[in-house]
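In: Using only what follows, build the 3D model:
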Amino acid sequence: MPANFHEVSFPLAIAFHSTGGPGRRTEIVTLGSGHEERNAVWAASRRRYDVGSGVRTLDDLAAVIAFFEARMGRLYGFRFKDFADCKSCAPAAMPSATDQGLGMGDGVTRVFQLRKAYADTAAAYVRDILKPVAGSVKVAVNGAALSGGFAVDAATGLVTFAGAPAIGAVLTAGFLFDTPVRFDSDTLSVNLAGFSAGEVASIPLVEILL
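Out: Presented below is the predicted three-dimensional model:
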């Protein structure tokens, strides 16, 4: 993991009222016939957020300024809880050890990356989960939840088994997770007169693809 990442979380009360979500970059070429050719420039999505809408009071603003200064603007990344997408399961459910595929045992490999699949009947996208919430990860082998025998690195999302799972063993996991982000500006510009009148400042964050 890069040294310029702080394992601290953005204030949850402010994050809860933020706006944003995943984005893609697609090149579209319109042919002379009117048909299109489309090409995905990015293999992975990248999330963007604006936490300005979560700043409701001057105390909230002071907390964001303090957090911004401690991160030295765009220099240091940090954890952000996207309340719309922070679980291995549906938002209203609780994570279980069989939520997401972790891998298949081969009798040799002991280390596996946490992942989350976004799928429907036509296609699927699998996202590496790099910032699980410490203590939230549950693991199962062939559908049976484990009470031990594995360790989780909350800074990387790597699950390490004490012994290599047997050949053909189906490994699954459930977890809570954060999104690694940074501020997307080196400047916070807030007009207190406008703030008092209900004006919302823009405070952009962007996902870090570690």
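
In: residues contacting the residue nearest in space to the middle of the chain?
Out: Taking C-alpha atoms, centre = their mean, the centroid of the chain lies closest to Thr179, which sits 2.5 Å from it. Residues counted as contacts of Thr179 (C-beta atoms under 8 Å, 6 or more residues apart in numbering) are Arg47, Arg79, Phe80, Lys81, Asp82, Asp85, Cys86, Lys131, Glu207. Where you see a C-beta, it was placed from the backbone N, CA and C, and this is true even at glycine.

In: so how far is Leu205 from the residue nearest to the second one when sequence neighbours are not counted?
Out: This means Arg79. Leaving aside its chain neighbours, Arg79 sits nearest to Asp178 (3.9 Å; criterion: C-beta to C-beta, 6 or more residues apart in numbering). Per C-beta to C-beta, to the nearest Å, Asp178 is found 12 Å from Leu205.

In: domains of the chain?
Out: Here the domain assignment for the chain is 1-85+180-210, 87-177, based on automatic domain parsing.

In: ok, of the ones you listed, where does mean pLDDT dip lowest?
Out: Note on these: lowest mean pLDDT is at domain 1-85+180-210, with a mean of 90.

In: I'd like the next helix or strand past the top helix by length along the chain.
Out: Secondary structure of the chain per DSSP state H: the longest helix is helix 58-70. Using DSSP states H and E, the next helix or strand after helix 58-70 towards the C-terminus is strand 77-80.

In: Packing partners of that following strand?
Out: Contacts defined by 3 or more C-beta pairs under 8 Å, 6 or more residues apart in numbering; DSSP states H and E place strand 77-80 against strand 5-9, strand 179-183.

In: Now that strand: buried residues?
Out: Of the residues in strand 77-80, Gly77, Phe78, Arg79, Phe80 count as buried by neighbour count, 16 or more other C-beta atoms under 10 Å.

In: Could you let me know which of the residues you listed ends up closest to Ala173?
Out: Arg79 (19.0 Å; C-beta to C-beta).

In: before we move on, back to that, what residues are shared contacts of Asp178 and Leu205?
Out: Both Asp178 and Leu205 are contacted by Phe80, under the criterion C-beta under 8 Å, 6+ apart.

In: would you put the C-alpha positions of stretch 186-193 in CSV?
Out: Coordinates of each C-alpha in stretch 186-193 appear next as CSV, following Å, rounded to 0.1, in the frame of the first residue of the first chain:
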residue,chain,number,x,y,z
ASP,A,186,-6.1,21.5,-2.9
THR,A,187,-8.4,24.4,-2.0
LEU,A,188,-11.5,24.6,0.2
SER,A,189,-13.5,27.8,-0.7
VAL,A,190,-16.4,28.5,1.6
ASN,A,191,-18.3,31.8,1.7
LEU,A,192,-19.7,32.0,5.3
ALA,A,193,-22.4,34.5,4.2
